[in-house]
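Student: Sequence and predicted model, in that order:
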Amino acid sequence: MCVGLPARVVSIKEGTALVDASGAKREVSAELLDQLDPGDYVMVHAGAAIARITADDEEETDALLDDISFEA
């Protein structure tokens, strides 16, 4: 099973996006998505933004991941 993490796009430069995933900032490839803008939410997997998501999707995914973390 593959797990993607939700993140908010902070900035974009030359096909690379700086994203904020729950406070952790990292650079990921933005080559797979057209018209990505700062403030957009994306799903990140294996160092690449693979899908644009909504803020609601991001909140729901964070809540689910928090629940899983406490059960382990």
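Tutor: Arrived safely. None of the values given here were measured: they were computed from a predicted structure.
Student: which residues sit against the lowest-mean-pLDDT helix or strand in the chain?
Tutor: Across the helices and strands of the chain, mean pLDDT, DSSP states H and E gives its lowest value to helix 55-71, namely a mean of 75. Helix 55-71 is contacted from outside by 5-8, 22, 41, 43, 53, using CB atoms under 8 Å, 6 or more residues apart in numbering. From N, CA and C alone the C-beta is placed, and that goes for glycine too.
Student: Counting neighbours, which of the residues you listed comes out on top?
Tutor: Tallying neighbours with other CB atoms under 10 Å puts Ala7 at the head of these, with 24 neighbours.
Student: Can you give the strand pairings for the helix or strand hosting that residue, parallel or anti for each?
Tutor: In this structure, Ala7 sits in strand 5-13 according to DSSP states H and E. Sheet pairing of strand 5-13 (DSSP bridges) gives strand 16-21 (antiparallel), strand 41-45 (antiparallel).
Student: and the angle for that strand with helix 55-71?
Tutor: 130 degrees (axes from the mean of the first three to the mean of the last three CA atoms, to 10 degrees).
Student: I'd guess Glu31 is in a helix, am I close?
Tutor: No. Checked against DSSP: H, G, I helix; E, B strand; the rest coil, Glu31 lies outside a helix; its state is coil.
Student: I'd say it and Glu14 touch.
Tutor: No. Judged on CB atoms under 8 Å, Glu31 makes no contact with Glu14 at a distance of 10.0 Å.
Student: Neighbour count for these two, which is higher?
Tutor: Glu31 (12 against 5).
Student: Identify the residues contacting the one residue sitting closest to the centre of the chain.
Tutor: In the chain, the C-alpha nearest the mean C-alpha coordinate belongs to Ala7, at 2.7 Å (CA atoms, centre = their mean). By CB under 8 Å, 6+ apart, the contact set of Ala7 is 19-21, 28, 41-44, 49, 58.
Student: ChimeraX command for the buried members of these?
Tutor: To isolate the buried members of the contacts of Ala7 in ChimeraX, using 16 or more other CB atoms under 10 Å:
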select :19,21,28,41,42,43,44,49,58
